[in-house]
Each structure stands twice: as C-alpha cells, then as structure tokens.
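Q: Below are the sequence and a predicted model for it; my questions follow.
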Amino acid sequence: MGKIRTSLLSILMIFLAFGLWAGGQQASEPASDKQIEGLNSNPLSDYRVRQAIAYAIDMDTIAETLLEGKALVSNSMVPNGPWKADGLNSYSYDPEMAKSLLKEAGWDSSYTLDVVYYYGDQLTVDIMTAVQAYLGGVGIKMDFRKLEGDLGEQLWTNPSDPVNGPSYVKWDMAYAGSAALAMHEYYGKLPTNGPGNSHTPSNPTIDKLVAATKATANIVEQQKAFFALEEYVNEYLPLIPLYYQQLFIYESDRVNRNGGAYGNAQYNYDWGILDWTVEADSNGKHVLYTNTAPVEFFEHPWFNPGLNMANKVLFDRLIVADESLMAKEGQLASSFKVSDDSMEIEFTLEDGAKWHDGSAITADDIKWSIEYALKVPAIHSVFSTTFKSIEGADAYVSGTADSISGIAVNGNKVKVTFATLDPNMLLTFSQFPPLPKKYFENSDPLQFQQNSFWQSPVGSGPFKIKTVEMNDYTVAVPFESYYGGTAKIDEIVMYPSGENDTNVIKNASAGKLDYGFTKSVADVKALEAMENMRVIPVDIPYTRLFYVNKFPKP
C-alpha cells in the first residue's frame, strides 16, 4: 500500500509541476480599504487569505489519488446528511481565484506558513507535500512538521486574552481530525473562551450563532440554527474543512442482517442484531466472529459508548437511536416523555428488564448511574454536559449534597429535571448505558476503570459474557432473559484487534472475521479484494481540516 501511495504522490507532483508552477510568486500589493472583520497583524486573520488557501488546494484530486477514492471532499465541518445546509460554496479548485484573493488581501509572498500535524502515517506526509505544492503554485510558501510531546498544550492552549491575543501556540495551521457524537462538538473550539480555542479571536457573531444551536432541544429548530452557523463558517472559513473520513462497515458473506440498518457503528443505534443470522459451522453452531475484544479489561462504555463490540451488545440504553443517531423510541425505558419546554424528561422502565445476573433493573440503578458518572474522571463530553445541566448537579459534584435533586424516582419511573436546557439530552440517553449499582457500592469513582467488574461485566443487553481470555478471545452468548427476545446467533467470538491492525486482514482471510468497521483506507482496499467480504461505506461526523491560527504572534 505504501508503494502504491508513493506512486500516486509522484503522479500528483508531476501534474503540479506542469500545471501550477508556471503561475510563479505574486508580488505583494496593498490591501483594499474594505473593512475586514477580525483583521489584525496576523495575515491569516484576513478571511480572503483563508478563502485563497481553500481555492488553491485541489481536494478532488487528492481524494481520488492519495486517498484512493475513499474520502469525500468537504465544504463544511458537518458531513452530508440532514444536518448540512444547502447551497454552500464548495471552493472547487481555482488557482486563479486564489491568486486574485491574495492580491486583494496584500499577501506577503515572503511569509512562510508553519503547518503542524500529529498523525504518524505516511499518508499524512503525502497530503502535506501535495498541499505545500498547491499553495506554492499560487504564491504561498509553507513548511510542515509533526508535533511530538504534549499535543494538548501545543495545539489547544487558549491565549490569556481571547480578543487580542497574542497567540499561545506557535503554528499557523494545524492539520487535524474532528469527530462528533453531537453536532455541537464540531464547533466547541470556536466561541470566545471555548475549550481548546487556541486559534480564533473572540467573535460576537460566532458566539451568537453557536449559542443559538444550544438554545433548543427541538430538532427542527436546532437544524435551522446549525444551517445559519454553517453558512457563516463556509463564507469566512475560521476553519478550513478538507474531507470527510467515511466509516466502512465490513461483513462476510456468512452474515445476513435480515433488514437491520447500517449506520454510525462507532456509536449505538437500532441495528437489529437480534435478527441477524450467520451460516452454521460444521458443528451446526451459528457463530459470529468479530474484533475489539478486551486486552487487559473491558473498556467502560461511558467514554467510548460503541467503539468496542462488547459495549454494543452487552449493554442497553434507556432509549434507542436510528441509524442517523436520532432518538426514536424506548429501550430499557419502554416509553419516555419530554416536557414542552424541554426541561424535563420522564422514563418508564421496561417491565421485566434484568441484569445478566437475573436481578431486576431498577429506577434506583438509573439514578445512581447518572450520579456516579459525574464523579468518574473520563466520560464522554456529551454525557458530561447533559448530566451537569441537571438541577442540583453542581451541589452534588461539589459535595454539598448527597444526591442530585433533579433526579426523582417513583416506582419504575425516573424523572430528570434540568436547570439549564441541554439540546442533546435525548442523544445522551440513547448512548449512555446504566450499570448495576450493587457492583460499585462503596467503590471509588476515581478508580472506575480499575474495578474488578471490568474483568467480566454484568450488563443488560441481548448478549452476556460466557468466556474471557484476556488478550486472546472473548465469547458472548444470548441472554436468555432478555426482555426483547432471544438473539438468533449462538455465539459472538471477539478477538483483540482493531483499526490498522494486521490481524484484521489476517483473520478476514482465514474466515475468522464476519463483522467490523474501520476508517483505514489500507484495511478497506484489502477487504474489498476478498471474495468473501463486502464493504459498506457510511457517512459519519468525522472531518479532516485545517485549524487556522488567527491570533497575532508574540
């Protein structure tokens, strides 16, 4: 694969040499008198320069060559689908437009952009090399380097003054990936004092647009607010989106989903695994082989809720999401009701829902899970935001209250009352799995992942643990008392491999991998070449982009 990519890069560089370099460097000219929003001493604070960079890069060619057709060129942070605004400028490759914008902005052709990245693969180096050539073709010099050490400090440290700077970080542009469960995560680094906003000076328009996306839990109104934010970002490019990284679900020809949906497999949705069937082996057993088995312990599902197979089949959530991660119905909760002002939600638990040890799932387990999660060091940021918005959460976290006053238990009902509106509360409850309180009583939440529970967890989902051989294999079997019925698959055998792991291709070739997902282009190309495997691309919220530092340098 490395040789193929190198040859593709060589072809691309030849194309650039003949098609671009004749343009030469552009002489600097004074900027026009037009008022530029946010303009300061940093040349990248001029949105015309950022637009020029977008026009200068031929992402269509990069996607087809270096990315081997396994990526979608982006014109927005938000991927294709119901959350993306219509009519956005695609910034199609136009070097002449780029030169014109640079001339209008008075670009200093002696300035060299410092571009950083943190990925360790050859593909990233190839992309940086191509971008360097494209920018050079319109008169922008660029150097690139890989960051080492404390990436958080080097990438996302906010300046002490969010209006005027100077910048704390040293780079001009950072090549990075942005993944999201909730769409709000895409724009968390843009508002004034937003966590990780090392790059965008305080902008009242951005603050207002981002706030509007959080002002309602109504999906239609949220979409309208996101469309307005996307249109602004698309015009002024405080961030420069490059391409959408698709997720690729792969299945062997032994598997039949029997109508089950395909969606974002990194999270949890109604994929119908109860109805999946697998061809019987020589012993008449219907065994599904997959990966992401535990190595030292089962990774708890409050941080990566669906990344590992165990988290997807061992634990149920209160409500379920469709393949687009939109909440649609109850799961552990047979029903739920949201108040008109979206400040309360009440769950009614499913009659007969049990933990894998046979004990009943209670409303007290739900209340305890939310409270305990707020004291666990590492939980998903969307979960944390939702739970911190509950009435009384602050007092509970600070230790001035023994419980969260906004969570009320009445028989098999749980009512959650919010102090501040959280637009993603339904999304959170479709991803957050409650756990059995009795296994964690008197345990330290700071040692949550180290609890012995994670050697063989007791869950609530359609499959339960049968055998665990850490760093070798894990076997799950149908939970016979599952309230939703009994799964048709006899066993799920998981091996401890993941993305960019040679065992993925090895096991698939040997007929020991029936289901999985990846974002690795190398994995996808190898899997597609196998007669017994099919690969299904899925659009997910995962965007590669340039963060652009617009603060003045010290």
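A: Done, it's in.
Q: Point out where this protein drops to low pLDDT.
A: The chain contains residues with pLDDT under 70 at 1-35, 500.
Q: Can you tell me how far the residue nearest to the spatial centre of it is from A261?
A: Nearest to the mean C-alpha position of the chain, by CA atoms, centre = their mean, lies A179 at 2.6 Å. According to CB to CB, to the nearest Å, A179 stands 21 Å off from A261. (Glycine included, C-beta is placed from N, CA and C.)
Q: Strands along the stretch 451-554 of the chain, start to end?
A: For the stretch 451-554 of the chain, the strands defined by DSSP state E, counting those that start in this stretch occupy 463-469, 473-478, 491-494, 515-518, 533-538, 542-548.
Q: Which strands or helices does the fifth one pack on?
A: When contacts are defined as 3 or more CB pairs under 8 Å, 6 or more residues apart in numbering; DSSP states H and E, strand 533-538 sits against strand 247-252, helix 521-528.
Q: Name the residues that touch the shortest one?
A: Identification of contacts with strand 247-252 by CB atoms under 8 Å, 6 or more residues apart in numbering yields 70, 257, 262, 264-266, 508, 511, 513-519, 523-524, 527, 532-538, 540, 542.
Q: what's the answer for the longest one, then?
A: Outside helix 521-528, the residues that touch it by CB under 8 Å, 6+ apart are 1, 67-68, 70-71, 123, 248, 250, 499-500, 504-505, 508, 518, 533, 535.
Q: which among the residues you listed gets closest to Y232?
A: The nearest member of the contacts of helix 521-528 to Y232, counting by CB to CB, is A71 at 24.9 Å.
Q: For the residue lying closest to that closest one once chain neighbours are set aside, the count of nearby residues, please.
A: Closest residue to A71 apart from its sequence neighbours, by CB to CB, 6 or more residues apart in numbering: Y243 at 4.4 Å. When neighbours are counted by other CB atoms under 10 Å, Y243 registers 20.
Q: What's the separation between Y243 and A261?
A: 25 Å.
Q: Also D444?
A: For D444, the distance to A261 - CB to CB - is 39 Å.
Q: Now do the strands in the stretch 201-350 of the chain.
A: Along the stretch 201-350 of the chain, counting by DSSP E, counting those that start in this stretch, strands occupy 239-245, 247-252, 255-256, 277-278, 287-290, 319-321, 327-330, 333-338, 344-349.
Q: Dump those strands to CSV, plus distance to Y482.
A: Shown next, in CSV, are the strands of the stretch 201-350 of the chain (distance: least, CB to CB, whole Å):
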stretch, distance to Y482
strand 239-245, 34
strand 247-252, 23
strand 255-256, 21
strand 277-278, 17
strand 287-290, 17
strand 319-321, 14
strand 327-330, 15
strand 333-338, 14
strand 344-349, 15
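Q: you'd agree P162 is up against N203?
A: No: the criterion here is CB atoms under 8 Å, and P162 misses it with N203 at 9.9 Å.
Q: Now do the shared contacts for these two.
A: Overlap of the contact sets of P162 and N203 (by CB under 8 Å, 6+ apart) consists of T192.
Q: For I465, which of the helices and strands packed on strand 533-538 is the nearest?
A: strand 247-252 (23.4 Å).
Q: could you give the angle of that closest one to strand 542-548?
A: 160 degrees (axes from the mean of the first three to the mean of the last three CA atoms, to 10 degrees).
Q: How about T292, nearest residue that isn't a chain neighbour?
A: Closest to T292 by CB to CB, 6+ apart is N308, at 4.2 Å.
Q: That neighbour: what's it in contact with?
A: 292-294, 298-299.
Q: who wins for neighbours among the residues you listed?
A: Neighbour counts for the contacts of N308 peak at A293, which has 25 neighbours (criterion: other CB under 10 Å).
Q: beta partners of the nearest residue to that residue once chain neighbours are set aside?
A: Using CB to CB, 6+ apart and skipping the chain neighbours, the partner closest in space to A293 is M494 (3.6 Å). Counting by DSSP bridges, M494 is bridged to T290, T474.
Q: Would you mind confirming that M494 makes contact with T474?
A: Yes: between M494 and T474 there is a contact at 4.6 Å, judged by CB under 8 Å.
Q: any shared contact partners between these two?
A: In contact with both M494 and T474: 293, 310, using CB under 8 Å, 6+ apart.
Q: Now do the domain split for this structure, please.
A: With domains defined by automatic domain parsing, the chain comprises 2-245+541-548, 247-538.
Q: Identify the residues contacting stretch 346-357?
A: Under CB under 8 Å, 6+ apart, the answer for stretch 346-357 is 314, 316, 318-319, 330-337, 360-363, 366, 412-416, 429, 436, 458-460, 464-465, 479, 481-483.
Q: And those residues, which of them are buried?
A: Burial by neighbour count, 16 or more other CB atoms under 10 Å: within these this picks out 314, 316, 318-319, 330-334, 336, 361-363, 366, 412-416, 429, 436, 458-460, 464-465, 479, 482-483.
Q: on that earlier part again, in TSV, list the domains of the chain along with distance to P554.
A: Output for the domains of the chain, formatted as TSV (distance: least, CB to CB, whole Å):
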stretch	distance to P554
domain 2-245+541-548	4
domain 247-538	31
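Q: so how far is M97 from A85?
A: As judged by CB to CB, A85 and M97 stand 22 Å apart.
Q: hmm, back to that, tell me which of the contacts of helix 521-528 is nearest to G194?
A: A71 (27.1 Å).
Q: correct me, but that closest one touches I127?
A: No: contact criterion CB under 8 Å: A71 and I127 do not qualify, at 10.3 Å.
Q: Settle it for me: which of the two has more neighbours?
A: Comparing A71 with I127 by other CB under 10 Å, the one with more neighbours is I127, at 24 against 21.
Q: Would you mind pointing out the helix or strand the more buried one falls in?
A: If you go by DSSP states H and E, I127 is part of helix 122-138.
Q: how far is that helix from where the chain is centred?
A: Put simply, helix 122-138 sits 25 Å off its chain's centre (CA atoms, centre = their mean, to the nearest Å).
Q: same deal with stretch 110-117?
A: Relative to the chain's own centre, stretch 110-117 is displaced by 27 Å; criterion: CA atoms, centre = their mean.
Q: how close does the closest residue to I505 other than its chain neighbours get to K388?
A: Nearest residue to I505 in three dimensions, chain neighbours excluded: A526, at 4.8 Å (CB to CB, 6+ apart). According to CB to CB, A526 and K388 sit 43 Å apart.
Q: before we move on, what about A510?
A: Here the criterion is CB to CB. By it, A510 lies 47 Å from K388.
Q: Of those two, give the one with the bigger neighbour count.
A: Neighbours per residue, other CB under 10 Å: of A510 and K388, the larger number sits with K388, 15 against 10.
Q: thought the more buried one was touching A373?
A: No: contact criterion CB under 8 Å: K388 and A373 do not qualify, at 10.5 Å.
Q: Going along the chain, name the helices of the stretch 51-200 of the chain.
A: 59-64, 95-105, 122-138, 151-156 (DSSP state H, counting those that start in this stretch).
Q: And for the stretch 301-450 of the chain?
A: Using DSSP H, counting those that start in this stretch, helices in the stretch 301-450 of the chain cover 309-313, 363-373, 381-388, 393-398, 425-431.
Q: For the fourth one, output the C-alpha coordinates as CSV.
A: Coordinates of each C-alpha in helix 393-398 appear next as CSV, following Å, rounded to 0.1, in the frame of the first residue of the first chain:
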residue,chain,number,x,y,z
ALA,A,393,-25.8,18.5,39.8
ASP,A,394,-23.4,21.3,40.9
ALA,A,395,-24.2,20.8,44.6
TYR,A,396,-23.7,17.1,44.2
VAL,A,397,-20.4,17.3,42.5
SER,A,398,-19.1,19.9,45.0
